[in-house]
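Engineer: After the sequence you'll find the predicted model.
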Amino acid sequence: MAEYTKLTPALAEELKALVGPGRFYYGDDIPVDYSHDEMPIYGKHFPEAVCEVESTEEVAAIMKFCNERRIPVTPRGAGTGLVGGAVPLAGGVIICTARMNKILEYDMKNLCVHTQVGVRLCDLAADALTHGLMYPPDPGEKTATVGGNVSTNAGGMRAVKYGVTRDYVLAMTVVLPTGEIMHLGRSVCKTSSGYSLLHLIIGSEGTLAMITELTLKLIPAPSCDVSLILPFEALADAIAAVPAIKLANLEAQSIEFMDADIIKSSAEFTGNPIFPTECDGTPVGGCLLVTLVGGSEDELDLKMEKLAEVAEEVGSLDVLVVDSPNLKREVWAARSSFLTAIEADTKFIDEMDVVVPVDRIADFLLFVRQTGEANGLYIRNFGHAGDGNLHIYCCSNSMEREEFLVKSKIVMDACYAKCAEFEGQVSGEHAIGHAKKQYLRESVGETAFGLMAQIKQVFDPNMILNVGKVCTYVEE
């Protein structure tokens, strides 16, 4: 275990001089939001100081200062993570990049954009559309920063068609824990040029280096799109329909699933019952939300007709077309509200975002629900049916915190073991942070976990960067 230096008032004054007025917080002046992320069940830990940076050079100066003195550094963007990845477990200094929010340049000839790391996903997506372009990654939390998305290799609803964040990162500027600035990648789509340090940094959760600028690949925005809601009598029937939809060669942009419980919660939270709860008197047990895109209305009409045929074959109760701009906004606002709706009516929440083969989704969800019920927990779930990425929440309004933590761990242990049995992955897009380290270790095995720790040591010999995350530990 590394020994770290406390940030004394004298050191704090030296550090403050590197940042500038109005962007440095120390001691009791630190806002409480910097002590946690969006999943507070994993604990609150205050940093000793916060630096809100505006440039790569500032990050480099702060990192060099902290490395020379062995002061821990925790990178942070918008703080929207769900696994404690931006929580400063060892105290020290938070370097917050939220002010680095400038879209720097579009390269229309090479279809890419150069941006600072603190740009919010929603802002980049909207700005790209004004240029007739689309940034395909579409994680659920639209106010997350693109740097956070890259650090966790976020996926999202459009991954079934376009892939995940990793597939759209061409180049980046990073600052190593020693304060050295390094430029990785180029504005080209192919490379066979040695070890890919670029892809090693992607998904490393700020444990190897701090990303400060990104060059991201864009694609032409689809000419037209439509979403369709397919209600089913049982959620298992909805999940079973997914392979048929994928085999129909529709190239769906997204295939989302939701059960009756989350449909009801979303309707109550938003005041807008956009997803059906029954069809011709038959209660709806689950829905698929499918988005199709095309180069013309005629192409889109043909895809819709084909999907309707498939829906009838797989037992969908109806096919509801979401084609007007207002209806599209309402449907996707409701889909985006699912986690917020759960948080609004739940005292304690723990989460997992496992990935399992598509044909094992229904079996896994049944196992989780039964395991949760056996331990007095209420299970809520939704997710990406097209790629098997499930968002599952263990919830309780009746337990006290300590009892909930014990029961939740029993459920999580069993469910992650079942995920491994189904040859799944611990996380599809929320990453590991400090909350899921043990499950990662059990999943990949000691050899792979040890290699990760050795890679971390090479990049960060003083072990100051995002201490206690992914494959490192802090003393309790």
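Structural biologist: That came in fine, so what should we check first? This is a predicted model, so every value here is computed, not measured. Residues are numbered from 1 along each chain as shown.
Engineer: from memory residue 369 sits against residue 380, does it?
Structural biologist: No - judged on C-beta atoms under 8 Å, residue 369 makes no contact with residue 380 at a distance of 9.9 Å. In short, each C-beta sits where N, CA and C put it, glycine included.
Engineer: Of those two, which one has the most company?
Structural biologist: Higher neighbour count among residue 369 and residue 380: residue 380, with 23 against 18, using other C-beta atoms under 10 Å.
Engineer: Beyond the strand or helix carrying residue 309, next helix or strand please.
Structural biologist: If you go by DSSP states H and E, residue 309 is part of helix 297-313. Next in sequence after helix 297-313, counting helices and strands by DSSP H and E, comes strand 320-322.
Engineer: Could you give the backbone dihedrals for residue 442?
Structural biologist: Dihedral pair for residue 442: phi -70, psi -30, per degrees, to the nearest 10.
Engineer: actually residue 75, not the one I wrote
Structural biologist: phi -70, psi 150.
Engineer: Buried residues in the helix or strand bottoming out on mean pLDDT in the chain, which are they?
Structural biologist: Every helix and strand in the chain was compared by mean pLDDT, DSSP states H and E; the lowest is helix 325-336, with a mean of 85. By 16 or more other C-beta atoms under 10 Å, the buried positions in helix 325-336 come out as 331, 332, 334, 335.
Engineer: OK, contacts around the closest residue to residue 264 other than its chain neighbours?
Structural biologist: Excluding the flanking residues, the one nearest residue 264 by C-beta to C-beta, 6 or more residues apart in numbering is residue 277, at 6.8 Å. With contact set as C-beta atoms under 8 Å, 6 or more residues apart in numbering, residue 277 has these partners: 260, 263, 264, 267, 283, 284.
Engineer: Give me the subset of these lying in strands.
Structural biologist: Cross-referencing the contacts of residue 277 against strands under DSSP state E gives residue 283.
Engineer: and the two most separated of the contacts of residue 277?
Structural biologist: Comparing all pairs in these by C-beta to C-beta, the longest separation belongs to 267 and 283, at 14.3 Å.
Engineer: Those two: which has the busier surroundings?
Structural biologist: Shown here are residue 267 and residue 283; by other C-beta under 10 Å, residue 267 has more neighbours (17 against 13).
Engineer: Show the contacting residues for the more buried one.
Structural biologist: Residue 267 touches 273, 274, 275, 277, 334, counting by C-beta under 8 Å, 6+ apart.
Engineer: now residue 229: how far from residue 274?
Structural biologist: 8 Å (C-beta to C-beta, to the nearest Å).
Engineer: Distance from whichever helix or strand residue 420 is part of to the middle of the chain?
Structural biologist: Assessed by DSSP H and E, residue 420 sits inside helix 401-421. A distance of 21 Å separates the centroid of the chain from that of helix 401-421, by C-alpha atoms, centre = their mean, to the nearest Å.
Engineer: what's it in contact with?
Structural biologist: Outside helix 401-421, the residues that reach it (C-beta under 8 Å, 6+ apart) are 41, 348, 350, 352, 354, 356, 364, 367-368, 371-372, 375-377, 392, 394, 396, 399, 425-426, 439, 442-443.
Engineer: Which strands border the helix or strand that residue 113 is a member of, and is each parallel or antiparallel?
Structural biologist: Residue 113 is part of strand 112-116 when elements are defined by DSSP H and E. Within its sheet, strand 112-116 is paired with strand 103-107 (antiparallel), strand 210-217 (antiparallel), according to DSSP bridges.
Engineer: right, and the helix or strand after it?
Structural biologist: Downstream of strand 112-116 (by DSSP H and E), the next one is helix 121-129.
Engineer: Packing partners of the very next helix or strand once past that next one?
Structural biologist: Next helix or strand after helix 121-129 toward the C-terminus (DSSP H and E): strand 133-134. Secondary-structure packing of strand 133-134 (3 or more C-beta pairs under 8 Å, 6 or more residues apart in numbering; DSSP states H and E): strand 219-220.
Engineer: Quick check: which helices or strands does the strand it packs on pack against?
Structural biologist: Packing partners of strand 219-220 (3+ C-beta pairs under 8 Å, 6+ apart): strand 133-134.
Engineer: Would you mark the buried spots in the very next helix or strand once past the strand it packs on?
Structural biologist: For strand 133-134, the following helix or strand on the C-terminal side (DSSP H and E) is helix 146-152. Within helix 146-152, the residues that count as buried by 16+ other C-beta under 10 Å are 146, 147, 148, 149, 150, 151, 152.
Engineer: For residue 29, which of the strands paired with strand 112-116 is the nearest?
Structural biologist: Taking the strands paired with strand 112-116 one by one with C-beta to C-beta, strand 210-217 is closest: 23.2 Å.
Engineer: re the thing from before, spit out the residues that contact residue 229 and residue 274 alike.
Structural biologist: With C-beta under 8 Å, 6+ apart as the test, residue 229 and residue 274 both reach residue 331.
Engineer: Between the two, tell me which one has more neighbours.
Structural biologist: Shown here are residue 229 and residue 274; by other C-beta under 10 Å, residue 229 has more neighbours (21 against 18).
Engineer: Without its sequence neighbours, what residue ends up closest to that one?
Structural biologist: residue 320 (4.1 Å).
Engineer: give the contact list for residue 179.
Structural biologist: Residue 179 neighbours (C-beta under 8 Å, 6+ apart): 60, 61, 63, 64, 65, 67.
Engineer: The first one and residue 177 touch, don't they?
Structural biologist: So the one you mean is residue 60. No - the pair residue 60 / residue 177 is not scored as a contact, 10.6 Å apart, by C-beta under 8 Å.
Engineer: Outside of stretch 190-203 itself, list whatever touches it.
Structural biologist: Against stretch 190-203 from outside (C-beta under 8 Å, 6+ apart): 150-153, 165-166, 169, 171-172, 174, 182, 184-185, 208-209, 211, 431, 455.
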